[in-house]
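1. turn this into a model:
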Amino acid sequence: MKAQVVTLDAGSAGEIDLDEAIFGVEPRADILHRVVRWQLAKRQAGTHKTKTRSEVAGTRKKIYKQKGTGGARHGARSAPIFRKGGVAIGLTPRSHAHDLPKKVRALGLRMALSAKQGEGKLTIVDAATAEGKTALLKAKLDKLGWGRTLVIDGAEVNEGFLLASRNIEGVNVLPTMGANVYDILRHDSLVLTKAAVEALEARLK
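-> Residues are numbered from 1 along each chain as shown. From the prediction side, this is the model:
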């Protein structure tokens with residue numbers, strides 16, 4: 001599969017061969033959904049907490065005698081039935097992460113890349129470099145028509161490009177190892193450097 005390579009100055013830099021097994025897979029919504037759900041569940045903090053009747057502040061003294069009052073029997077104000085009492089079956093801190101086979105995660109990444117390629121929203125650039133000036137980089141990106149864009153570079157992101165892009169709204173930059181399904185799908189367009197293409201093909205073959 002052939003793809004055009006462009007420069008950040010909107011010039012042409014030739015062509016590149018894209019692996020059909022990575023950029024030509026038929027996307028499946030169920031696989032993408034499983035991978036995104038796995039990602040979001042893993043990042044969820046899980047720090048939610050409610051107090052049980054043994055943890056709420058207050059006296060443990062029996063509030064009134066057991067019989068003869070005409071009311072229900074109670075042993076303490078911390079019972080869940082009372083206002084400010086403990087919660088009977090409340091939230092406790094836990095991990096929301098769950099397992100997902102490695103092959104499914106890799107397949108999901110291939111499908112996300114293929115989806116962008118199939119929609120015509122994948123751009124290959126020869127290199128993502130800049131001098132650290134946000135205004136200059138923004139002018140170039142506007143000329144290329146990139147809005148909400150994810151830029152994936154090689155093993156390391158160019159420091160100047162990272163500094164110049166971090167104040168541009170909607171533009172995010174990741175190294176190859178940070179490439180993931182959720183970030184690819186939530187951006188309108190995907191930009192890969194030639195180094196990123198090589199690294200992704202080596203990682204996903």
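
2. so what's the residue nearest to Gly154 when sequence neighbours are not counted up against?
-> Leaving out its chain neighbours, the residue that sits closest to Gly154 by C-beta to C-beta, 6 or more residues apart in numbering is Ala195, at 3.0 Å. Yep, even glycine has a C-beta here, placed from its N, CA and C like the rest. Ala195 makes contact with Ala127, Asp153, Gly154, Ala155, Thr176, according to C-beta atoms under 8 Å, 6 or more residues apart in numbering.

3. just among these, which is most surrounded?
-> Looking at those with neighbours defined as other C-beta atoms under 10 Å, the largest count falls to Asp153 at 26 neighbours.

4. show me the contacts for that one.
-> Ala128, Phe161, Val173, Leu174, Pro175, Thr176, Thr193, Ala195, Ala196.

5. for Val35, state which of these is nearest.
-> In terms of C-beta to C-beta, no member of the contacts of Asp153 lies closer to Val35 than Leu174, at 16.2 Å.

6. spatially central residue (nearest the centroid) of this protein, please.
-> In the chain, the residue lying closest to the centroid (C-alpha atoms, centre = their mean) is Tyr182, at 4.5 Å.

7. okay, and that one sits in which element?
-> Using DSSP states H and E, the element containing Tyr182 is helix 181-186.

8. what packs against that helix?
-> helix 29-43, helix 102-118 (3 or more C-beta pairs under 8 Å, 6 or more residues apart in numbering; DSSP states H and E).

9. gap between the closest residue to Ser54 other than its chain neighbours and Gly46?
-> The shortest distance from Ser54 to any non-neighbouring residue, by C-beta to C-beta, 6+ apart, is to Gly86 (6.9 Å). For Gly86, the distance to Gly46 (C-beta to C-beta, to the nearest Å) stands at 21 Å.

10. from Leu113, how far off is Lys194?
-> 15 Å.

11. now do the nearest residue to Ala76 once chain neighbours are set aside, the pLDDT please.
-> Using C-beta to C-beta, 6+ apart and skipping residues adjacent in sequence, the residue nearest Ala76 is Arg60, 5.2 Å away. At Arg60, the model reports a pLDDT of 83.

12. and Arg60, how many neighbours does it have?
-> By other C-beta under 10 Å, the residues close to Arg60 number 10.

13. could you do the one 10 residues further on as well?
-> Burial of Gly70 is recorded as 5 neighbouring residues (other C-beta under 10 Å).

14. check Val5 too.
-> 19.

15. find the nearest non-adjacent residue to it, please.
-> In space, and not counting its chain neighbours, Val5 is closest to Ala13: 4.3 Å by C-beta to C-beta, 6+ apart.

16. ok, now Asn167?
-> Excluding its sequence neighbours, the residue lying closest to Asn167 (C-beta to C-beta, 6+ apart) is Thr134, at 5.0 Å.
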